[in-house]
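> All I have is the shape, not the residue letters:
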């Protein structure tokens with residue numbers, strides 16, 4: 001019988017601690033714990049950023065996990081969607097809208113070369129459209145009007161659709177050559193809610209409803225369908241990814257909405273780890289049975305924006321997430337903040353029913369500590385301020401006067417112990433955005449007047465610079481440095497307008513960049529010009545505070561894990577994305593419509609999957 005040395009060509013190491021560097025399959029004996037240890041390859045679903053538009057009954061495709069596209073769908077009460085979203089491996093961004101809103105369409109191809117066909121609008125449709133990564137273009141109609149089909153295909157010039165429902169449930173199969181749909185040999189088992197993967201000449205059809213949930217699996221060779229080994233469970237409405245030789249199906253409906261997943265090795269199906277959220281009518285894509293994405297769907301009670309990734313790896317992936325921090329000392333909104341989740345600072349704010357406060361608080365990652373009040377320059381007017389810098393070297397932009405007529409020019413400087421007066425700003429503004437450090441800061445936008453003025457700070461004096469925002473507004477998010485800043489979102493009136501605008505500053509001029517996912521005001525940014533996290537804020541559908549977050553990569557925005565508590569006008573970090581925090585803020589619908597919650601963000605991590613080996 002072969003032993004470990006025969007198989008691996010290595011001896012089992014005798015170590016007092018687990019090694020810091022390992023390879024998949026390596027085995028060692030930990031003498032401290034008295035256990036045999038190994039780095040194992042396992043499969044698991046892990047949460048990723050949610051989609052931007054909650055829905056189910058969507059179509060999805062993509063031949064790699066980091067380049068998936070979903071389109072169409074349904075969200076109550078019964079309105080089909082035209083929305084398209086693209087996944088980049090960490091978040092979802094908006095793509096071009098379908099020409100025909102529809103639910104239960106099927107998609108095949110890639111993120112930049114896809115076909116959407118059929119579906120309900122809410123009556124059944126025979127329309128098809130081609131996607132080039134930005135725009136959908138109408139194509140010839142399919143021959144058999146239907147919904148809930150399966151599909152396979154490598155691009156928008158070569159693919160296959162099959163099964164579906166009009167009624168009745170059908171076995172119809174059609175091939176697409178880039179210009180024409182041609183009816184070809186039919187499935188052996190009629191079904192709808194069927195899933196498909198692969199390419200036109202090597203497709204796999206599995207699951208579905210006929211009308212009970214089906215275990216049927218069939219392969220297509222470019223001419224004929226052949227029945228092969230069945231799935232372990234009858235299931236429809238599932239998401240699929242992979243090829244004819246290596247596929248995964250996830251979620252769907254069995255006797256209820258399911259979290260189950262199943263992998264295909266080209267011959268047999270096996271049960272795989274379950275999704276975190278049971279649901280059907282989901283969409284996704286991926287390259288194989290070891291790399292997939294499943295997004296959105298219907299849980300049986302609600303539609304969801306949840307997305308999950310499947311990976312087979314020697315690493316354990318922990319998704320990026322928000323976690324609860326220490327309770328903030330006061331119910332307050334319109335406060336400023338800077339620093340990080342372990343070395344943070346907040347200043348000012350409006351407690352409900354009280355004058356604005358001049359207090360500041362330091363955060364050490366465990367607790368908030370009451371620190372000094374702002375200097376006399378600002379009186380009691382600490383509200384609607386903005387802060388940039390660090391916990392030990394911060395600059396606050398506040399009010400000068402405690403009563404009307406207000407003056408909004410005060411500058412206060414913090415050294416980690418006390419606040420001192422600084423030189424006034426040359427222009428009035430509050431609800432402005434800021435960026436930079438205490439010796440090289442930036443102040444832009446704000447009100448009164450929804451200004452487009454930009455101010456630079458050198459550690460002593462402020463100056464108005466020639467470069468102005470393209471659109472003046474208040475309640476923007478700001479991040480970055482004096483020479484590489486980001487400003488996004490905001491608000492102005494009349495008429496009342498919430499913006500999805502993104503602008504970048506290079507030290508001289510502001511330039512418009514990619515639009516935000518959703519127009520938002522009162523939100524906060526943390527990070528740099530090329531990697532910023534946008535947190536919460538108010539939107540048209542959540543004017544008092546949304547939980548949604550998004551991330552900017554220097555070009556475009558994509559979804560990021562959501563906060564637990566919706567809020568706007570809150571205290572925030574200014575450091576790297578992985579060091580972000582959000583504290584207090586405005587939260588309507590409660591009494592006293594402020595929140596004291598603090599949340600801290602951690603980015604996705606990957607660690608070696610080391611386990612103890614047993615004989616069981």
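Everything's here; your move. All values reported here derive from a predicted model rather than from experimental measurement.

> need the contact list for the closest residue to residue 518 other than its chain neighbours.
The spatial neighbour of residue 518 that comes closest, neighbours along the chain excluded (Cβ to Cβ, 6 or more residues apart in numbering), is residue 539 at 5.2 Å. Every residue, glycine included, has its C-beta placed from N, CA and C. By Cβ atoms under 8 Å, 6 or more residues apart in numbering, the residues touching residue 539 are 498, 518, 519, 520, 521, 546, 548.

> now residue 208
Listed by Cβ under 8 Å, 6+ apart, the contact partners of residue 208 are 150, 163, 189, 191, 192, 193, 194, 195, 214, 216, 236.

> quick one on the thing from earlier: now rank the contacts of residue 539 by neighbours and give me the top one.
Most neighbours among the contacts of residue 539, by other Cβ atoms under 10 Å: residue 520, with 29 neighbours.

> my guess is that one meets residue 540, correct?
No - counting by Cβ atoms under 8 Å, residue 520 does not reach residue 540; the two are 9.3 Å apart.

> Find the residues that touch each one of those two.
Common neighbours of residue 520 and residue 540 (Cβ under 8 Å, 6+ apart) are residue 498.

> With respect to residue 44, which of the contacts of residue 539 is nearest?
Relative to residue 44, the closest of these is residue 548; by Cβ to Cβ it sits at 25.8 Å.

> From residue 35, how far off is that closest one?
44 Å (Cβ to Cβ, to the nearest Å).

> just residue 89 next, same as before
35 Å.

> before we move on, what about residue 166?
60 Å.

> ditto for residue 317
24 Å.

> Then residue 419?
For residue 419, the distance to residue 35 - Cβ to Cβ - is 55 Å.

> now do residue 511
From residue 511 to residue 35 the distance is 58 Å (Cβ to Cβ).

> Comparing these two, which residue is more hemmed in?
Neighbours around residue 511 and residue 35, counted as other Cβ under 10 Å, are more numerous at residue 35. The numbers are 14 against 11.

> Roughly how far does the more buried one sit from residue 432?
58 Å.

> Could you do residue 481 as well?
Distance from residue 481 to residue 432, by Cβ to Cβ: 17 Å.

> ok, residue 257 - how many residues close by?
Residue 257: 20 neighbours (other Cβ under 10 Å).

> Tell me what it is bridged to.
residue 253 (DSSP bridges).

> Tell me how far it lies from residue 106.
Residue 257 is 20 Å from residue 106, by Cβ to Cβ.

> try residue 450
Counting by Cβ to Cβ, the gap from residue 450 to residue 106 is 47 Å.

> Would you mind telling me which of those two has more residues around it?
Neighbour count, other Cβ under 10 Å: between residue 450 and residue 106, residue 106 has more, with 33 against 20.

> Please look at that one and residue 152 and confirm they touch.
No - counting by Cβ under 8 Å, residue 106 does not reach residue 152; the two are 9.6 Å apart.

> so what sits against both of these two?
residue 196.

> Show residues contacting stretch 20-35.
4, 8, 10, 12-19, 36-41, 314, 608, 610, 612-613.

> Out of these, which end up buried?
12, 36, 37, 38, 39, 40, 314, 608, 610 (16 or more other Cβ atoms under 10 Å).

> Out of those, flag the one nearest to residue 307.
Nearest to residue 307, judged by Cβ to Cβ, of these is residue 314 at 23.5 Å.

> how near is the closest one to residue 37?
Residue 314 is 13 Å from residue 37, by Cβ to Cβ.

> Helices - which of the contacts of residue 539 land there?
Using DSSP state H, no member of the contacts of residue 539 falls within helices.

> Next step: those residues restricted to strands.
The strands, defined by DSSP state E, take in residue 498 from the contacts of residue 539.

> Export the contacts of residue 539 as a markdown table, with columns for pLDDT and distance to residue 31.
As requested, the contacts of residue 539 are exported to a markdown table (pLDDT from 0 to 100; distance: Cβ to Cβ, whole Å):
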| residue | pLDDT | distance to residue 31 |
| --- | --- | --- |
| 498 | 97 | 62 |
| 518 | 95 | 55 |
| 519 | 97 | 60 |
| 520 | 97 | 55 |
| 521 | 96 | 59 |
| 546 | 94 | 53 |
| 548 | 95 | 50 |
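
> quick one: which of the contacts of residue 539 is nearest to residue 283?
Closest to residue 283 out of the contacts of residue 539 is residue 548 (20.1 Å), distances taken as Cβ to Cβ.

> my guess is the closest one meets residue 562, correct?
Yes - applying Cβ under 8 Å, one finds residue 548 in contact with residue 562, separated by 5.6 Å.

> Now the common contact residues for the two.
Counting by Cβ under 8 Å, 6+ apart, the residues touching both residue 548 and residue 562 are residue 50.

> Make a markdown table from the contacts of residue 539 and add distance to residue 395 to it.
Putting the contacts of residue 539 into a markdown table (distance: Cβ to Cβ, whole Å) gives the following:
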| residue | distance to residue 395 |
| --- | --- |
| 498 | 28 |
| 518 | 30 |
| 519 | 29 |
| 520 | 25 |
| 521 | 24 |
| 546 | 29 |
| 548 | 30 |
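
> From the contacts of residue 539, pick the one nearest residue 72.
residue 518 (19.3 Å).

> Return the helix or strand in the chain with minimum mean pLDDT.
Among the helices and strands of the chain, helix 4-8 carries the lowest confidence by mean pLDDT, DSSP states H and E, at a mean of 53.

> Can you name the next helix or strand after that one?
strand 13-15 (DSSP states H and E).

> I'd like the average pLDDT over the helix or strand just after that following strand.
Counting by DSSP H and E, the element after strand 13-15 in chain order, helix or strand, is strand 27-30. Mean pLDDT, strand 27-30: 84.

> Pull out the buried residues from strand 27-30.
Residues of strand 27-30 classed as buried: 27, 28, 30 (neighbour count, 16+ other Cβ under 10 Å).

> Return the list of strands paired to that strand, each annotated with direction.
Strand 27-30 pairs in its sheet with strand 13-15 (parallel), strand 35-39 (antiparallel), by DSSP bridges.

> Now do the last one, average pLDDT.
Right, the one you point to is strand 35-39. The average pLDDT within strand 35-39 is 81.

> could you say what helices and strands the helix or strand following that strand packs with?
Following strand 35-39 in sequence order, the next helix or strand is strand 42-48 (DSSP H and E). Counting contacts by 3 or more Cβ pairs under 8 Å, 6 or more residues apart in numbering; DSSP states H and E, strand 42-48 is packed against strand 303-313, strand 315-318.
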